[in-house]
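>>> Need a 3D model of the sequence below.
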Amino acid sequence: MHPNEKEVSYSTINSYSTLNNLTPNTKTVWLVFHGIGYLSRYFIRLFDSFNKEENFFIAPQAPSKFYKGENYRSVGSSWLTKENTKTETKNVLQYVDAIMTEENIPEHTKLVVLGYSQGVSIASRWVASRKIHCDALVMVSGGFPKELQKENFSFLTTKTKIVHILGEKDPYFEIEKVEAEKIRVQQILPQIEFRTHSGGHELDPKTLHELF
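Sure thing, here's the model as predicted:
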């Protein structure tokens, strides 16, 4: 007999990290999704150079954790794999919804949604599925989900700044694939702006400062 694979629903608890304080002086709220191998509390430190009075950062934590390296001391995490992706995506997006409900972002602030590496897949899917009227969607060194189409973003206006940033020395940078991806994404998000920096597969705060 073949084994049966079943599902069960249950409630769970997951952490997330914030940087700075959300006050009446806050001008921009950043929802930032880390890449594979990160923990949110380390990833969020990359934004420490931004004005602390005006910027508030929220870094969700990918739920699947694993030990990195041969000594099994460092811990990293992953958002999704090819295993049970549809259900796992649903779970992750509900988790992001819960964070935003908990933080209760005031309407006067701008919202920047940023994904780095694997985090691009979560950032873009959350914006598309929840029809988030963010002020900016920033994708750094990550692939755009294959299932997303132009109609998934039809609710966005030209006021939304959409940027893709890639390091020129990124080891995953294959020029033919990148150019083909640019064409595909530009058809979905016509106002997208493509930027590069001189580094590798990394988030470059300097490039973000130039944009914002």
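
>>> Give me the helix or strand of this structure that scores worst on average pLDDT.
Between all helices and strands in the chain, the lowest mean by mean pLDDT, DSSP states H and E belongs to helix 175-188, at a mean of 87.

>>> What lies in contact with that one?
Residues outside helix 175-188 that contact it (C-beta atoms under 8 Å, 6 or more residues apart in numbering): Gly143, Phe144, Leu148, Gln149, Lys150, Asn152, Phe153, His164, Leu166, Ile192, Phe194. Heads up, the C-betas are built off the backbone N, CA and C, glycines and all.

>>> Just give the closest residue to the fifth one, not the sequence neighbours.
Read that as Lys150. Ile188 (4.8 Å; C-beta to C-beta, 6 or more residues apart in numbering).

>>> give me the number of residues near the one you found?
Neighbour count of Ile188, defined by other C-beta atoms under 10 Å: 17.

>>> show me the contacts for Phe56.
Counting by C-beta under 8 Å, 6+ apart, Phe56 makes contact with Thr18, Leu19, Asn20, Asn21, Leu22, Thr26, Thr28, Val29, Trp30, Thr109.

>>> can you check Thr109 too?
Per C-beta under 8 Å, 6+ apart, neighbours of Thr109: Thr26, Lys27, Thr28, Val29, Phe56.

>>> ok, what's across the strand from the most centrally placed residue in the chain?
Nearest to the geometric centre of the chain sits Gly115, at 2.4 Å (C-alpha atoms, centre = their mean). Taking DSSP bridges, one finds Phe33, Met139 as the beta-bridge partners of Gly115.

>>> which one's the longest helix in this structure?
helix 85-103 (DSSP state H).

>>> which residues in the protein form helices?
Applying DSSP H to the chain gives helices spanning 40-43, 85-103, 119-130, 175-188, 205-211.

>>> still on that earlier bit, how much space separates the residue nearest to Lys150 from Ile99?
Applying C-beta to C-beta, to the nearest Å, the value for Ile188 to Ile99 is 26 Å.

>>> again, but for Lys159
From Lys159 to Ile99 the distance is 24 Å (C-beta to C-beta).

>>> which of these two has more neighbours?
Neighbours were counted for Lys159 and for Ile99 using other C-beta under 10 Å; Ile99 has more, 16 against 9.

>>> these two touch, right, that one and Ile58?
Yes - the criterion here is C-beta atoms under 8 Å, and Ile99 meets it with Ile58 at 6.4 Å.

>>> what's the overlap in contacts for these two?
Common contacts of Ile99 and Ile58, defined by C-beta under 8 Å, 6+ apart, comprise Tyr16.

>>> In contact with Ala136, which residues?
By C-beta under 8 Å, 6+ apart, the residues touching Ala136 are Lys110, Leu111, Val112, Val113, Leu114, Thr160, Lys161, Ile162, Val163, Leu211, Phe212.

>>> with the residues you listed in mind, which one is nearest to Val8?
The nearest member of those to Val8, counting by C-beta to C-beta, is Val113 at 31.2 Å.

>>> per-residue pLDDT, the closest one?
We have a pLDDT of 98 for Val113.
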